[in-house]
Each structure stands twice: as structure tokens, then as C-alpha cells.
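Colleague: Generate a structure from the sequence data that follows.
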Amino acid sequence: MELTKKEQEKVNDISMKLKQISSFIKTSFSNSDQEIEQIFNVLMGLKSIQGKIHNDSSFIATLSAKKFLCAKYKEINFDATDKAQGAPGLDIDFRTKDDSRIIGEIKTTFPYKKHDFGANQQDNIMNDLRKLQSENADEKYFFLTENESFNILKKDKYKDYLNGISVVLLT
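Modeller: The predicted model follows:
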């Protein structure tokens, strides 16, 4: 899979952020006697460097989904930077060369409960599934990054909401 220029720039930004975090942690924990204030300062420093890491992980998950889709549909016209992470609308929406519409939603959710999602997680997942169901498309995908989430969605409780939707574990 070939990344667009904007996708590569975003990946480079995320890589730089991870290098900063690694360096910051190494220099911040030089001794073994950590005071509460020092730990707090380290956590605040990490928070400052990482910014919105959830958006970064969602972006990388989108690139993983793009890789999956490129393998299946060969050449696709989709740039993961076109839609801001967290913005309303479908996470993936493009047309193939033969004009088939492909759509998808991506979840990086780790289940709150041991064998099910928490109430808010369940609401968000159901909203995404309803969004996919309501759209007219040739192929519909629900991409997950967590094995636990994938296993939960395969339970009978969720099967009725998955009609016509392919559930794909990205990791």
C-alpha cells in the first residue's frame, strides 16, 4: 500500500511524538526514588507531548483498514487524512474503479467489561452499526483493533445488527 503525501506526513508526526515520549520518559525517570510531584510532572509532560493520542491511534487504525482494503480492491482512491478523526460521518467512504461504493467504520475500543462493552461503548458501537445499515453501499465494513471487541461482536446479542456488514479484526 502506498501512502499519500498527507498520510506520510501524519505518520511522520506521530512517529516524532512517540520518539519525544520515549526520550522524555528516559530522562524523567533517572532515579528510583520518585516523589508524587515528580510523577505528576512526568504525567503532565506526557500529556503535553502526546496531545490527542486517541486521534493518532484512530488514524493509524484507518491506515490499517486502508491496507486491508487495498489488498482486496487493489487500487483505491482513499486518503485517510481527508476526514479528521472524530469528525462526523463515515470513517471510510470511497468508490472503486468499477464505481462500487465501499464504506466502513473503525473502532479502537477496548471493552470496559470483561465480556461486554460498557453502556457508552455499546451506544457508540450501535450508532456506528446503525449508520452503516442506513447507508446504501456495495460493501460495508466494521473494523476493530481489539481482539476482545471482535469476540464480543460475534456474540448473539449483536448478530442482528451485523446483517450485510463484514466485521474485520485489523490486528
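Colleague: Could you use CA atoms for every contact and neighbour count after this?
Modeller: Fine.
Colleague: average pLDDT for stretch 149-169?
Modeller: For stretch 149-169, mean pLDDT rounds to 92.
Colleague: End to end on it, go ahead and measure it.
Modeller: 9 Å (CA to CA, to the nearest Å).
Colleague: Tell me where the protein has helices.
Modeller: 5-28, 36-50, 53-73, 119-134, 147-153, 156-159 (DSSP state H).
Colleague: Any idea which of those helices has the lowest pLDDT on average?
Modeller: helix 36-50 (a mean of 80).
Colleague: how about that helix: buried residues?
Modeller: For helix 36-50, burial by neighbour count (16 or more other CA atoms under 10 Å) applies to Val42, Leu46, Ile49, Gln50.
Colleague: Repeat that for stretch 56-64.
Modeller: Asp56, Ser58, Phe59, Ile60, Ala61, Thr62, Leu63, Ser64.
Colleague: got CSV for those residues, with distance to Ser23 too?
Modeller: Listed next are the buried residues of stretch 56-64 as CSV, based on distance: CA to CA, whole Å:
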residue, distance to Ser23
Asp56, 19
Ser58, 23
Phe59, 23
Ile60, 22
Ala61, 25
Thr62, 27
Leu63, 26
Ser64, 27
